[in-house]
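Novice: turn this into a model:
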Amino acid sequence: MWIYILAVGVALVAGYLIWLNRRRAVAGSNGSPRQGTSAQVTEKEQVETDKPVVYELTDEDIPSIIAKEPNLVIMVFAPWCSHCRRMEPEFVKAAGAPGKSPCTWARLNAEQFPEAAKKLGADSFPTTFHFKQGKMEKALPGAMTAEKLLEQI
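Specialist: The predicted structure is shown next:
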């Protein structure tokens, strides 16, 4: 019996370590946002860098970031969506485009936060939302190139 309990305990610890490792892949080891594709939002402290930072939002972050940021672009995606995976590098490219630096770029995983995606109005994936001064300007459904995305906002 004790061997069974030990095996279950080892399996639980292994599962926790895998989960923790995946979570650390989003944020840097010091807890600050990681540069590159995406970064975990803590206090929305943007790291000074030449590379674009796309913030990874949670359901708790959305109301405050919409109210706080004067020019915000949010892509709602699902990890299993092939169109979303195709658009991800284009979204990052648009975030780093010259002349668009006043925009704050973020993304929301609809699989992890379905209620937040629903509140935004994402009926399909990917859907990109553009907010100005806390109000939604545009909802852009579907995948698009960085150039087309920049034209739309």
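Novice: and P79, which helix or strand is it part of?
Specialist: For P79, there is no host helix or strand (DSSP states H and E).
Novice: quick check: next helix or strand after the lowest-mean-pLDDT helix or strand in the chain?
Specialist: Counting by mean pLDDT, DSSP states H and E, the chain has its least confident helix or strand at strand 36-40, which shows a mean of 43. For strand 36-40, the following helix or strand on the C-terminal side (DSSP H and E) is strand 53-57.
Novice: remind me which helix or strand the closest residue to A97 other than its chain neighbours belongs to.
Specialist: Distances taken as CB to CB, 6 or more residues apart in numbering place L150 nearest to A97, at 5.7 Å, with adjacent residues excluded. From N, CA and C alone the C-beta is placed, and that goes for glycine too. Per DSSP H and E: L150 is located in helix 146-152.
Novice: name the residues that touch that helix?
Specialist: Outside helix 146-152, the residues that touch it by CB atoms under 8 Å, 6 or more residues apart in numbering are V73, E90, F91, K93, A94, A97, K100, T128, H130, K138, L140, M144.
Novice: which element is the first one on?
Specialist: Which is V73. With DSSP H and E as criterion, V73 is part of strand 71-77.
Novice: before we move on, what about the second one?
Specialist: For E90, the host element (DSSP H and E) is helix 82-95.
Novice: ok, back up a step: count the residues that sit near the residue nearest to A97.
Specialist: L150 has 18 neighbours, counted by other CB atoms under 10 Å.
Novice: so that it lines up with my notes, have the first residue be 26 from now on.
Specialist: Fine by me, first position is 26 from now on; the one you just mentioned is L175.
Novice: quick one on the thing from earlier: just the buried residues from the contacts of helix 171-177, in ChimeraX please.
Specialist: Buried residues within these, by 16 or more other CB atoms under 10 Å, are selected in ChimeraX with:
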select :98,115,116,119,125,153,155,165,169
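Novice: check the contacts of helix 171-177 and tell me the two furthest apart.
Specialist: K118 and K163 (19.0 Å; CB to CB).
Novice: in the chain, which ranges drop under the pLDDT threshold?
Specialist: The chain contains residues with pLDDT under 70 at 27, 29, 31, 33-77, 125-126.
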